[in-house]
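> no sequence for this one, just the structure:
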């Protein structure tokens, strides 16, 4: 066979392949179908359970059996994704309408995962059987081959309710994500019926029925006025708060009890909330908390915060809304698959798609039912007619050589080869014209059917069949009749499965929290060589002055309302609020400075640490490895950001020294190759912090500044080089940007 090489642009192949992959993830994995509100894995799990006969009124079956069967037949993407989908569909704290009845440990609202699939059992919920899977045997939806074309699976389930709204959905695809909140079953059904009665109904009018999302965890939606725009566009943000109750405790104290949490808090965020509240007390943001306990159980959420007697409860509650996830945001993006394409839809569009689907399903259902009734009518009429001439038929059967001869006589009136008792019987037989189906039914009819009561039952059954035919023809011929049938089914589902709303929807007031102002006072900052920092009061410092200065690398005075500035060798300035540092006893260990700032000891080194208050009073001198120098006004470093660039550095350069320009006289540089240069500090010009600066010393190839020292007015300046003491004030004074001289040490 001759080789055929097709030349193509590599980028085009990559683009096409990626688009194909992305669409596969979007359509076949991550996003729900607007018609049944299910992702493919969810649909396959429910269908497989239906096929296995694990109904709501049957015993539970091992989850591992369900997962294995689903993976082997329909979803070859790993057992974990299948089991995760099964678990979520059974969790009543995630789904407003659980579709699977789980038996065993299926996780809890606090984020504990479900037990392994070999330990848990499951079966379908009653509503799943009646509203999701009931009509699958009536050819109401299309079936498609599974992944290896050995089985058939439904492309969509014949769901009778707008499940996309009722259970919501969350999923991340390629370049897009869906996030649809759950809603109340009864409200959505009422809205669906309202749309069916008037298709020109507006979203605002639909919201008379659908008040807003109804989260299974309850809570309070506080931006009611924003909901109309969210439901019209399909995107927006819903603000939701937990429900808080105030209880009186012993000793005149007050307990703040959280009985409902925001939907986004479920899972690990509950423990995060508890730790955040504890952190507020530990960081002295509030002095009102006495104790916090999580008393939640199967009966519901109960988080108790014990407060002091004189606590302003309303202000404390607002602090929780502001500083913890007790008030959270649910991002809405109502993205779903419609006609094979991902589309963002509003409330009315979702209901419209669901209703259109219901009509399509009902049309196929009643067309099939009508055809079955017509077939039944044909047979019933044949049997009734046969009962009237039963003696003739018995004569034909006794006179025929085989079944084919008898059937030919019944259908076509052919009497050749059949023995009759009389010529009259033959003439009557020649006038028979039963249909094929009628003839088969007559030939298969049992003798007991000739009993009088059986004939009466056959006639009654025929009357019922005719009534069904008239009814089905009316439903198919008139849209109003079909709509009434659909609405009757919706009413029945609402009556049996509807539940009261859990989430309150209102226009809540903005939480206003007045933070108690800290009494400003001076404290001492201490940080040891390992980077552990703390603050102590001045009297404690005075009592332990010698030990404090011996044991710590940085010791200076600052205000408890101010900031600490950390300059690094990479030219960064990291700031830390003094209030974030632990304040206490002299022997307390302190906290690693890495934990409360953006400084990372693994990536950078501290060059200089001081208080912002002190910086504001002076100018600052910078010296780098490549001998670049500049003076900067300390006020430029009065910033609120946690990290800013303190200076601009050339490539491969780094800061060696930073000093406060307080009483400085000379700068003394020492290079790696042993050159020394001393020059007056006045020769360094003042620049902005964004400047590189000027050169302080001419360096040879491969040489760099190793140490920088300063002399002070009226003070000797002995330093140690190579374990020898040198009086640097006696080094020859030269001009800036000289090469310097080598000293014999």
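Right, received. Where do you want to start? On a predicted model such as this, the values are computed, not experimentally measured, just so you know.
> so what does residue 506 have for phi and psi?
phi -160, psi 170 (degrees, to the nearest 10).
> can you pull out the low-pLDDT segments for the chain?
1-2, 18-28, 447-453, 513-518, 714-717, 720-723, 744-745 (pLDDT under 70).
> can I see the domain layout of it?
Under the assignment automatic domain parsing, the domains of the chain span 38-158, 243-325, 355-496, 517-600, 616-745.
> got the ones you listed as TSV, with mean neighbour count columns?
Quick note: C-beta positions are derived from backbone N, CA and C, even for glycine. Listed next are those as TSV, based on neighbours: other C-beta atoms under 10 Å:
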stretch	mean neighbour count
domain 38-158	18
domain 243-325	16
domain 355-496	16
domain 517-600	17
domain 616-745	17
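> can you list these in a markdown table and add distance to residue 339?
Formatted as a markdown table, the domains of the chain follow (distance: least, C-beta to C-beta, whole Å):
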| stretch | distance to residue 339 |
| --- | --- |
| domain 38-158 | 12 |
| domain 243-325 | 30 |
| domain 355-496 | 11 |
| domain 517-600 | 49 |
| domain 616-745 | 49 |
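> what's the closest of these to residue 510?
Proximity to residue 510 (C-beta to C-beta) singles out domain 243-325 among these, at 9.0 Å.
> ok, back up a step: what about the domains of the chain, which gets the closest to residue 214?
So among the domains of the chain, domain 38-158 is nearest, using C-beta to C-beta, at 6.1 Å.
> next helix or strand past the helix or strand containing residue 166?
Element membership of residue 166, judged by DSSP states H and E, is helix 163-167. Sequence order places strand 169-172 as the next helix or strand after helix 163-167, per DSSP H and E.
> strands paired with that following strand, and their directions?
strand 177-180 (antiparallel) (DSSP bridges).
> would you mark the buried spots in the partner strand?
178-180 (16 or more other C-beta atoms under 10 Å).
> pick the one among the residues you listed closest to residue 618.
Looking across the buried residues of strand 177-180 and measuring by C-beta to C-beta, the closest to residue 618 is residue 179, at 52.7 Å.
> just the terminal-to-terminal distance for stretch 294-311.
By C-alpha to C-alpha, to the nearest Å, the extent of stretch 294-311 from end to end equals 21 Å.
> likewise stretch 607-615?
By C-alpha to C-alpha, the extent of stretch 607-615 from end to end equals 15 Å.
> list of residues touching that stretch?
Contacts to stretch 607-615, defined as C-beta atoms under 8 Å, 6 or more residues apart in numbering, come from residues 525, 527, 554, 556-559, 562-569, 575, 578, 634-635, 637-638, 655-660.
> out of those residues, which sit inside strands?
Here DSSP state E is the test, and the contacts of stretch 607-615 give 525, 527, 554, 556-559, 563-568, 575, 655-660 as lying in strands.
> so what does the host helix or strand of residue 456 touch, helix or strand wise?
For residue 456, the host element (DSSP H and E) is helix 452-477. For helix 452-477, the packing partners by 3 or more C-beta pairs under 8 Å, 6 or more residues apart in numbering; DSSP states H and E come out as helix 347-388, helix 479-497.
> possible to save these as a markdown table with distance to residue 308?
Putting these into a markdown table (distance: least, C-beta to C-beta, whole Å) gives the following:
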| stretch | distance to residue 308 |
| --- | --- |
| helix 347-388 | 46 |
| helix 479-497 | 47 |
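> nearest to residue 679, of these?
helix 347-388 (75.5 Å).
> quick one: the closest one to helix 452-477, angle?
Angle, helix 347-388 to helix 452-477, by axes from the mean of the first three to the mean of the last three C-alpha atoms, to 10 degrees: 150 degrees.
> now helix 347-388 against helix 479-497, angle please.
Using the same axes, to 10 degrees: helix 347-388 against helix 479-497 is 100 degrees.
> contacts for the helix or strand just after helix 347-388?
Next along the chain after helix 347-388, taking DSSP H and E as the criterion, comes helix 390-399. Here helix 390-399 makes contact (C-beta under 8 Å, 6+ apart) with 386, 406, 409-410, 418-421, 425, 428-429, 432, 442-443, 450.
> mind redoing it with 6 Å?
386, 406, 409, 418-420, 425, 428-429 (C-beta atoms under 6 Å, 6 or more residues apart in numbering).
> what of stretch 110-128?
With C-beta under 6 Å, 6+ apart, stretch 110-128 has contacts from 49, 54-56, 60, 62-64, 67, 83, 87, 99-107, 267-268, 270, 497.
> same check on stretch 82-96?
Residues from elsewhere that reach stretch 82-96 (C-beta under 6 Å, 6+ apart): 41-42, 45, 67, 70-71, 75, 98-100, 102, 106, 109, 114, 117, 166-167, 182, 216, 266.
> so how far is it off the chain centroid?
14 Å (C-alpha atoms, centre = their mean, to the nearest Å).
> swap in stretch 498-513?
Using C-alpha atoms, centre = their mean, the offset of stretch 498-513 from its chain centre is 21 Å.
> for stretch 636-655, same thing?
38 Å.
> for stretch 586-597, same thing?
35 Å.
> hmm, who's touching it?
531-534, 536, 540, 544, 574, 576, 580, 582, 599, 601.
> now swap in stretch 351-369 and tell me
Against stretch 351-369 from outside (C-beta under 6 Å, 6+ apart): 34-35, 135, 138-140, 158, 162, 192, 195-196, 472, 475-476, 482, 486.
> just stretch 287-307 next, same as before
By C-beta under 6 Å, 6+ apart, stretch 287-307 touches 254-259, 261, 277, 281, 308, 311, 316.
> and which of the residues you listed is nearest residue 204?
residue 261 (30.1 Å).
> how much space separates that closest one from residue 658?
Per C-beta to C-beta, to the nearest Å, residue 261 is found 48 Å from residue 658.
> next one: residue 231
57 Å.
> over to residue 740?
Residue 740 is 21 Å from residue 658, by C-beta to C-beta.
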